[in-house]
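A.B. asks: below: sequence and its predicted model.
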Amino acid sequence: MKAIRLAIFDWDGTLMDSVGRIVACVQGAARDCGEPVPTAQETHQIIGLSLEVGMPRLFNLPQGGERAQALIARYRHHYLHDDTPSPLFAGASDLLHHWHAQGIALAVATGKSRRGLDRVLDETGLRPLFAATRGADEANSKPDPLMLVQILDELGLAPHQALMIGDSVHDMAMAEALQMPRLGVTWGVHDRARLAEHHPVAIVDTMEALRQQLS
């Protein structure tokens, strides 16, 4: 992958160990709204999607309807107040600094809103490393590739010059739609078999193995 000039990262489940917190907040929202409480495994299937798409899908509700909007509002409330730890994965910061020092441009394409993304970029101190970032409310929800198109246009690059890195089939499908090289990581929400359905160039199990891909 020597021609890769840009590494585009998903955030939740790829760089940040936030899946547990997301599950807790979805389950809290369900209890608040009197909806069936989904299991962690059920919730994993919508992580990476925008709330506007993922919540109705998880609860089998009309998108944009009153019940779906109530769940989204309660989720956001819980996310601000939930104390489930959500640190960066071990080695994530070192990897980003290493690739940045090598001259590889870095970007983020996430199911988070711009507000949520800005919060974690500032909390982690990683904002200066990223040449471009996109949240779900600035494009269409994954797996629509619009946020990748926006990032490529902003940086003046073609799909074959970028690598999408993520832990979910939504990340893989988004990149596949553009014929962009993609790489799956197994420490997030979807396992190796699910990721392999979208023909990534590699699937890695550790941050060190990921680091070696572009080193």
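C.D. replies: That came through fine. Residues are numbered from 1 along each chain as shown.

A.B. asks: the host helix or strand of residue 165 pairs with which strands, parallel or anti?
C.D. replies: Here residue 165 sits within strand 162-166, counting by DSSP states H and E. Using DSSP bridges, the strands paired with strand 162-166 are strand 6-9 (parallel), strand 182-185 (parallel).

A.B. asks: from the chain's centroid, how far away is that strand?
C.D. replies: How far strand 162-166 lies from its chain's middle: 11 Å, per C-alpha atoms, centre = their mean, to the nearest Å.

A.B. asks: what angle separates the helix or strand following that strand from strand 162-166?
C.D. replies: As assigned by DSSP H and E, the chain's next helix or strand after strand 162-166 is helix 169-176. Helix 169-176 runs at 170 degrees relative to strand 162-166, counting by axes from the mean of the first three to the mean of the last three C-alpha atoms, to 10 degrees.

A.B. asks: name the helices or strands packed onto helix 169-176?
C.D. replies: Applying 3 or more C-beta pairs under 8 Å, 6 or more residues apart in numbering; DSSP states H and E, we find helix 169-176 packed against helix 146-155, strand 162-166, strand 182-185, helix 192-196. Heads up, the C-betas are built off the backbone N, CA and C, glycines and all.

A.B. asks: can you pull the contacts of the most centrally placed residue in the chain?
C.D. replies: Nearest residue to the geometric centre of the chain (C-alpha atoms, centre = their mean): residue 10, 3.4 Å. Counting by C-beta atoms under 8 Å, 6 or more residues apart in numbering, residue 10 touches 48, 108, 109, 110, 111, 164, 165, 166, 167, 168, 171, 188.

A.B. asks: give me the pLDDT value at it.
C.D. replies: Looking at residue 10, its pLDDT is 98.

A.B. asks: what spatial separation is found between it and residue 172?
C.D. replies: Separation of residue 10 from residue 172 (C-beta to C-beta, to the nearest Å) stands at 10 Å.

A.B. asks: give me the common contacts of the two.
C.D. replies: Residues touching both residue 10 and residue 172 (C-beta under 8 Å, 6+ apart): 164, 166.

A.B. asks: got the phi and psi for the residue nearest to residue 88 when sequence neighbours are not counted?
C.D. replies: The shortest distance from residue 88 to any non-neighbouring residue, by C-beta to C-beta, 6 or more residues apart in numbering, is to residue 16 (5.5 Å). Here is the backbone geometry of residue 16 (degrees, to the nearest 10): phi -120, psi 140.
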